[in-house]
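Student: Give the three-dimensional model of this entry:
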Amino acid sequence: MPKKVTKAIFPVAGLGTRFLPATKSVPKEIMTLVDRPLIQYAIDEARAAGIKEFIFVTSRGKGALEDYFDHAPQLEQELRKKGKTELLDILKDTNMDSGAIAYIRQHKALGLGHAVWCARRLVGDEPFAVILPDDVIAAEKPCLQQMVEAYAETGGSMVAAMEVPPEKASSYGVLEVSEDMGDLVKVKSMVEKPAPGTAPSNLAVIGRYILSPNVLSNLNRMKSGAGGEIQLTDAIADEISQDNPVYGYRFSGQRFDCGSKSGFLQATVSFGLAREELRDDLSAYIRDIVNMEKAAE
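Tutor: Here you go, the predicted model:
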């Protein structure tokens with residue numbers, strides 16, 4: 001039986017340039033969907049999957065992200081004084097126990113593989129998860145929890161996978177499948193951002209991974225890949241060439257690319273409609289917009 005996955009790496013060193021000017025002073029990871037920052041969705045998903053140690057790979061200017069997980073004694077005192085117990089309960093989910101969270105600096109933007117490699121000493125010789133907060137997944141059972149349950153049966157390394165339109169495959173890491181078992185596929189090879197028309201399938205890797213510590217050894221080679229960056233996909237593909245199993249997992253849920261403005265807006269609407277106290281007003285507003293567009297035509 002494979003070792004339990006209790007550590008997760010969160011690569012959050014990016015500058016968030018697609019969201020300028022907001023990200024000039026606010027880390028993208030604490031921009032909010034409705035009333036919770038992106039990073040909170042990622043943390044909640046990790047906790048549901050049994051993660052106990054949270055490793056953040058950060059960069060200069062991310063102080064607000066670190067402060068978000070700290071206690072806020074003055075705020076808590078004011079809420080307690082005013083009897084706002086529901087808000088106090090909400091705050092509890094944002095606090096991290098001492099020693100549960102660690103921060104590592106990535107000094108140069110050399111790619112996702114390099115960001116994961118930066119955390120190697122904290123991971124040690126254990127399997128670990130990687131969560132990209134830009135990928136927010138709405139699911140009845142959190143995506144990483146689905147993967148952890150599947151990993152308990154397979155071991156090896158595992159990536160979350162979803163089907164994408166063929167014309168968009170060149171924007172992703174793409175799987176070549178040797179065996180399709182439904183939710184699980186056995187991976188024959190992986191290609192990072194294949195040239196248009198050359199993708200081996202339309203099954204793309206999205207931002208959830210469960211990885212063998214061998215992947216960190218592969219990253220030690222500092223091999224440049226697509227875009228001149230050190231690609232995590234390449235290090236996982238090396239596992240296959242070494243006869244170590246790699247699986248793709250077709251998760252249940254809807255993925256939103258919150259690294260793009262349109263994906264962020266779509267997620268905001270979707271998560272807003274999922275909230276009972278917001279649904280009626282938001283639905284009415286959307287209907288009004290649709291009706292006005294129809295009338296203008």
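
Student: just checking, what packs against the helix or strand bottoming out on mean pLDDT in the chain?
Tutor: Least confident element among the helices and strands of the chain, by mean pLDDT, DSSP states H and E: helix 63-68 (a mean of 83). If you count contacts as 3 or more CB pairs under 8 Å, 6 or more residues apart in numbering; DSSP states H and E, helix 63-68 packs onto strand 53-58. Bear in mind the C-beta positions are built from the backbone N, C-alpha and C, glycine included.

Student: Sheet-wise, list the partners of the strand it packs on with their directions.
Tutor: As defined by DSSP bridges, the strand partners of strand 53-58 come to strand 7-11 (parallel), strand 101-105 (parallel).

Student: And these, which one averages the lowest pLDDT?
Tutor: The minimum mean pLDDT among the strands paired with strand 53-58 belongs to strand 101-105 (a mean of 90).

Student: Buried ones in the helix or strand that it is followed by, by neighbour count?
Tutor: Under the assignment DSSP states H and E, the closest C-terminal helix or strand after strand 101-105 is helix 112-118. Buried residues in helix 112-118, counted by 16 or more other CB atoms under 10 Å: Leu112, Gly113, His114, Ala115, Val116, Trp117, Cys118.

Student: again, but for stretch 55-63
Tutor: So, applying 16+ other CB under 10 Å, buried residues of stretch 55-63: Ile55, Phe56, Val57, Thr58, Ser59, Lys62.

Student: Look at the fourth one and report its pLDDT.
Tutor: It stands for Thr58. 91.

Student: give the contact list for it.
Tutor: Shown in contact with Thr58 (CB atoms under 8 Å, 6 or more residues apart in numbering): Val12, Ala13, Leu65, Glu66, Tyr103, Ile104, Arg105, Gln106.

Student: For Glu66, see how far away it is.
Tutor: Taking CB to CB, to the nearest Å as the measure, Thr58 and Glu66 are separated by 7 Å.

Student: neighbours around the closest residue to Glu167 other than its chain neighbours, how many?
Tutor: Closest residue to Glu167 apart from its sequence neighbours, by CB to CB, 6 or more residues apart in numbering: Pro196 at 7.3 Å. Counted with other CB atoms under 10 Å, residues neighbouring Pro196 total 11.

Student: next one: the one 4 residues further on
Tutor: Each residue near Pro200 was counted by other CB under 10 Å, and the total is 15.

Student: what bridges to the residue nearest to it when sequence neighbours are not counted?
Tutor: Once flanking residues are discounted, Pro200 sits nearest to Glu176: 3.6 Å by CB to CB, 6+ apart. Beta-bridge partners for Glu176, by DSSP bridges, are Ser189.
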